[in-house]
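K.L.:
predicted model, plus sequence, below.
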Amino acid sequence: MSLIEWRDDFELGIADVDHEHRQLIDLINELHTALAENNSSEQLQDFLGEVYARMAAHFALEERVMRELDYDEYVQHKDDHEQLLDGLRDIMDKYEDEQEYSDAEMASHLNSWFGNHFKSMDARFHQFLEKQGE
């Protein structure tokens, strides 16, 4: 079962960024499945590390595009990216310390962040991009 379903309104209109958005959602769904299957703590730590690394790389790409286009809400968007990465780092630390972190907590955190980020931050950036193309 997927945690996050891809929707066309997630697209920004930048092929590289949209491709990575799809890959990140697929990766989050794989993590959700791994948590549901009760994989070992070490496997989950490795998977979380992969999620973290790929998200950080994606955010760097997105932020580069924003800087190149002189996006007026770059700082706020970047701050939102950093909040997610901080949250993921906290989750990773809990797994390292072998503290309990449930699938429901992970799902809630990631689903609400992605939903809110796509609906607000990415939607505003998409509007900015559309105005640039006019």
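P.N.:
Perfect, I can see it now. Numbering: from 1, shown residues only.
K.L.:
which positions in the helix or strand of the chain with the lowest mean pLDDT come out as buried?
P.N.:
For the chain, counting by mean pLDDT, DSSP states H and E, helix 103-117 ranks last in confidence among helices and strands (a mean of 74). By neighbour count on 16 or more other CB atoms under 10 Å, the buried set for helix 103-117 is D103, M106, A107, H109, L110, W113, F114, H117. Backbone N, C-alpha and C define where each C-beta goes, glycine included.
K.L.:
just the endpoints, please. Distance across stretch 115-133?
P.N.:
With CA to CA, to the nearest Å as the measure, the ends of stretch 115-133 fall 26 Å from one another.
K.L.:
meant to ask about stretch 60-74
P.N.:
One end of stretch 60-74 to the other measures 12 Å (CA to CA).
K.L.:
which residues touch that stretch?
P.N.:
14, 16-17, 20, 77-78, 81, 121, 124-125, 128-129, 132 (CB atoms under 8 Å, 6 or more residues apart in numbering).
K.L.:
where do the strands of this structure begin and end?
P.N.:
Applying DSSP state E to the chain gives no strands.
K.L.:
how about I25: what's its closest non-neighbour residue?
P.N.:
Residue nearest to I25 in three dimensions, not counting chain neighbours: I4, with 5.0 Å by CB to CB, 6 or more residues apart in numbering.
K.L.:
pLDDT at the one you found, what is it?
P.N.:
Reported pLDDT at I4 in the predicted model: 80.
K.L.:
so in this protein, which helix runs the longest?
P.N.:
helix 41-68 (DSSP state H).
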